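**Student:** how would this look folded up:
(chains A and B)
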Protein chains: 2
Amino acid sequence: MTSPAKFRKDKEIIAEYETQVKEIRAQLAEQLKCLDQQCELRVQLLQDLQDFFRKKAEIETDYSRNLEKLAERFLAKTRSTKDHQLRKEQNVLSPVSCWNLLLAQVKGESRDHATLSDLYLNNIIPRFAQVSDDSGRLFKKSKEVGLQLQEDLIKVLNELHAVMKTYHMYNTDSMNAESKLKEAEKQEEKQMGRSVRQEERLTPRSPDALASVRLDDKHVRRSSVKKIEKMKEKRQAKYTENKLKAIKARNEYLLVLEATNSCVFKYYIHDLSDLINCCDLGYHASVNRALRTYLSAEFNVEQSRHRGLEGIENAAENLEPNGDKQRLMETYNSVFCPPCASTSSPTWATRWGRCVPSPPCTGNCCSGANSSRTASLPSASRTKR
Amino acid sequence: MTSPAKFRKDKEIIAEYETQVKEIRAQLAEQLKCLDQQCELRVQLLQDLQDFFRKKAEIETDYSRNLEKLAERFLAKTRSTKDHQLRKEQNVLSPVSCWNLLLAQVKGESRDHATLSDLYLNNIIPRFAQVSDDSGRLFKKSKEVGLQLQEDLIKVLNELHAVMKTYHMYNTDSMNAESKLKEAEKQEEKQMGRSVRQEERLTPRSPDALASVRLDDKHVRRSSVKKIEKMKEKRQAKYTENKLKAIKARNEYLLVLEATNSCVFKYYIHDLSDLINCCDLGYHASVNRALRTYLSAEFNVEQSRHRGLEGIENAAENLEPNGDKQRLMETYNSVFCPPCASTSSPTWATRWGRCVPSPPCTGNCCSGANSSRTASLPSASRTKR
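**Tutor:** Residues are numbered from 1 along each chain as shown, chains lettered A, B, ... in the order given. Sure thing, here's the model as predicted:
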């Protein structure tokens, strides 16, 4: 490569590096902007979660109140039934049991949804608020740290730029000195060649004339050679000096380049990752805990609801006409019990023999629709003959 | 037992039977009243169930609408985000996934509760209305049948009363005739005894006087004995006739008593039970079906809700800062990717050897926070010496 081409390349390299540094600066700014945006979105998300649970708490409270009112409306009706006995009697019937369980279920659901609402307001929302505060603080702190890291990186990049420029300057100087030295060497070679050719051309002349010409020429040539040699030496010294400077600058450049590379590597591979870690510190775990609280509450509601429904299912399975008939007959024993012999008239009991084994009318008398109850009308009259 | 005592007993028996029949009549009326009351209570219960589900349907609709509004409020916010790209980018982050699932869950719950409301109105309430109509009709029909059965029973009881009275009348007549016959027999015995004593007293007198007295006495005694005998015969005949009547009446009475006993037995043991069965016909099964429909709907809601919650639980478990960091860096690849060698300048790439292996900046470039990304700043410059 020729020197001017080499020089052009060096200039291009510096320009390209400058472009790259400019791009990196822009990227660093973008990184902070991106983190800012993430922070904003996160705070917004946490705000949305709080608003969501606040509104849901309202909805659950409403729902709970309505269910409570619904259950109370019918429970109050049952309670207001003046005939306490009738209420007690009705409760033994299987459809009434189902109805009571339905009302109990609604009351239970009302209670559960009130609990949900309470939990949203007093546990989940404060958790998200806390996470939001923490996130904001962490982002702010992380951004400060990030800015510091970026400043440090920029400093290193600028240093590389400086040593790069110095190296290229010294390298250019060294190359210039080298080319000048080469020029001097060429001149010297040319001078040497001219002297030899002149000597050969002058040999056929008279010895005296030849001798005087030779002396003159020799004198001129010697001073010219001396001048060239002196210049060459000067240029050699200059070149050596510049070459040394360039080598020193190159070593400096290589060291700074290595340092910069590891800085860039550290920043992009570790620092950025750590920065994001700092922003995220505890965020996922806190959101997880808040969601676990929410889920646990919802699962509790589900279980309680399920138990209630199973109770109703069980009661629905026990909807059984025969059992109810028996219970009705037991409850209204006096109404459904077959007539019995009057116990106050032993004569009557004795007189109507079939009546004797029939026990006085108690609850046992009519138990079992198909139990053999003794019909107690007077049987054969044993008249005296 | 003396006749008057026996007569008193008979009267008591009839009076007691009358009391018993009166009690049975009252009991029969009570039975119908009891069935009426049961019908009323049943219709009331079914009305309450309908009112309950109607009101609950309203509550569920309200709840569903509120949940829908809640979900839509936040979903609309997401949709209105102008930056479609940003939305897509955010959705890959694990807390945003949780948030989206929460909203989906609320939307799902809204849908489920609307379904519940719909099912209450269009399935469960009509079922209960149908059961109520059927119950009313069945009770009416059963009451008619019950009244007929009771009338038949009363008829039989009245018949027993009649034959009982007849028997007691004939029995009394028979006993009266018997006592009169006995009286006649006693008189006859007395008359016989008096004749013998008079004859013994008159034996010591003169034969003529004795003979005339004897003839006179004999004549008187004979006519008296004859009269007594005639009366005895008459009474015997009367007694025999009455006794026969009483026996006939007793047989009639025994037959009717037997029939009445089995009628009473049949009514109390079978008919009443059948009557209640008629009233209950299909009632328990229908209520069971309606409740099963309700339960199945509720269990469906529970399952759907549970699946949603499990989804959120899963998402909460996947809340993971490292994954999010990686996704963020992949999404904002150009912002977080380490600087690369300009691909438009092959010389540069060649010149800075370390840059050569670094690929052009693609998504793969930055995958994995700890992946060995090639720092791409210029490395050792191979200067020409």
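**Student:** can you list the domain ranges for chain A.
**Tutor:** Recorded structural domains for chain A (assignment: automatic domain parsing) are A:3-173+A:250-319, A:321-385.
**Student:** Could you dump those domains into a markdown table with distance to chain B, mean pLDDT and mean neighbour count added?
**Tutor:** C-beta here means a position set from N, CA and C on the backbone, and glycine is covered the same way. Formatted as a markdown table, those follow (distance: least, CB to the nearest CB, whole Å; pLDDT from 0 to 100; neighbours: other CB atoms under 10 Å in any protein chain shown):
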| stretch | distance to chain B | mean pLDDT | mean neighbour count |
| --- | --- | --- | --- |
| domain A:3-173+A:250-319 | 4 | 92 | 17 |
| domain A:321-385 | 4 | 52 | 16 |
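**Student:** Would you mind putting the CA coordinates of stretch A:236-247 into PDB?
**Tutor:** The C-alpha coordinates for stretch A:236-247 follow below in PDB (Å, rounded to 0.1, in the frame of the first residue of the first chain):
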ATOM      1  CA  GLN A 236      17.500   8.300   9.500                       C
ATOM      2  CA  ALA A 237      17.600   9.900  13.000                       C
ATOM      3  CA  LYS A 238      14.200  11.600  12.400                       C
ATOM      4  CA  TYR A 239      12.800   8.300  11.100                       C
ATOM      5  CA  THR A 240      14.200   6.400  14.100                       C
ATOM      6  CA  GLU A 241      12.800   8.900  16.500                       C
ATOM      7  CA  ASN A 242       9.300   9.000  14.900                       C
ATOM      8  CA  LYS A 243       9.300   5.200  14.500                       C
ATOM      9  CA  LEU A 244      10.000   5.000  18.300                       C
ATOM     10  CA  LYS A 245       7.200   7.400  19.100                       C
ATOM     11  CA  ALA A 246       4.800   5.500  16.800                       C
ATOM     12  CA  ILE A 247       5.700   2.200  18.500                       C
END
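**Student:** chain center to that stretch, what's the gap?
**Tutor:** 59 Å (CA atoms, centre = their mean, to the nearest Å).
**Student:** Residues touching it, excluding its own?
**Tutor:** A:167, A:170-171, A:173-174, A:176-178, A:180-181, B:383 (CB atoms under 8 Å, 6 or more residues apart in numbering or on different chains).
**Student:** Filter those down to the ones in helices?
**Tutor:** A:167, A:170-171, A:173-174, A:176-178, A:180-181 (DSSP state H).
**Student:** Looking at the domains of chain A, spot the one closest to residue B:79.
**Tutor:** Comparison of these against residue B:79 by CB to CB identifies domain A:3-173+A:250-319 as nearest, at 13.6 Å.
**Student:** Can you show me the helices along chain A?
**Tutor:** Applying DSSP H to chain A gives helices spanning A:3-80, A:84-91, A:94-119, A:125-202, A:207-265, A:272-280, A:283-317, A:321-331, A:333-336, A:346-351.
**Student:** who wins for proximity to residue B:118 among those?
**Tutor:** Per CB to CB, nearest to residue B:118 of those: helix A:3-80, 17.3 Å.
**Student:** and the angle for that closest one with helix A:84-91?
**Tutor:** Orientation check (axes from the mean of the first three to the mean of the last three CA atoms, to 10 degrees): helix A:3-80 against helix A:84-91 gives 130 degrees.
**Student:** okay if I get the domains of chain A as CSV plus distance to residue B:91?
**Tutor:** Listed next are the domains of chain A as CSV, based on distance: least, CB to CB, whole Å:
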stretch, distance to residue B:91
domain A:3-173+A:250-319, 11
domain A:321-385, 58
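**Student:** And these: which comes nearest residue B:231?
**Tutor:** Nearest of the domains of chain A (CB to CB): domain A:321-385, 23.2 Å.
**Student:** which ones are touching the spatially most central residue of chain A?
**Tutor:** Centroid-nearest residue in chain A: residue A:284, 5.4 Å away (criterion: CA atoms, centre = their mean). Shown in contact with residue A:284 (CB under 8 Å, 6+ apart): B:94-95, B:319-321, B:324.
**Student:** go on, residue A:316?
**Tutor:** A:98, B:287-288, B:291-292, B:295 are the contacts of residue A:316 under CB under 8 Å, 6+ apart.
**Student:** Double-check residue A:302 against residue B:302; I have them as touching.
**Tutor:** Yes. Counting by CB atoms under 8 Å, residue A:302 touches residue B:302, with 6.2 Å between them.
**Student:** what's the closest of the contacts of residue A:284 to residue B:102?
**Tutor:** Of these, the one sitting nearest to residue B:102 (CB to CB) turns out to be residue B:95, at 10.4 Å.
**Student:** wouldn't that closest one be in contact with residue A:287 here?
**Tutor:** Yes. At 5.2 Å, residue B:95 counts as touching residue A:287 under the criterion of CB under 8 Å.
**Student:** Find the residues that touch each one of those two.
**Tutor:** Common neighbours of residue B:95 and residue A:287 are listed as residue B:319 (criterion: CB under 8 Å, 6+ apart).
**Student:** on that earlier part again, show me the one of the helices of chain A that comes nearest residue B:48.
**Tutor:** When those are compared (using CB to CB), the closest one is helix A:3-80, at 6.0 Å.
**Student:** Spit out the contact partners of the nearest residue to residue A:329 once chain neighbours are set aside.
**Tutor:** With CB to CB, 6 or more residues apart in numbering or on different chains as the criterion, residue A:329 has its nearest non-adjacent residue at 4.4 Å, and that residue is residue A:336. Listed by CB under 8 Å, 6+ apart, the contact set of residue A:336 reads A:328-329, A:366, B:31, B:34, B:268, B:272.
**Student:** Can you give me the end-to-end span of stretch A:273-293?
**Tutor:** Stretch A:273-293 has an end-to-end distance of 30 Å (CA to CA, to the nearest Å).
**Student:** And it, how far out from the chain middle?
**Tutor:** Computed by CA atoms, centre = their mean, the separation of stretch A:273-293 from the middle of its chain amounts to 7 Å.
**Student:** Please apply the same query to stretch A:216-226.
**Tutor:** From the chain centre to the centre of stretch A:216-226 is a distance of 88 Å (CA atoms, centre = their mean).
**Student:** Show the average pLDDT along that stretch.
**Tutor:** The average pLDDT for stretch A:216-226 rounds to 77.
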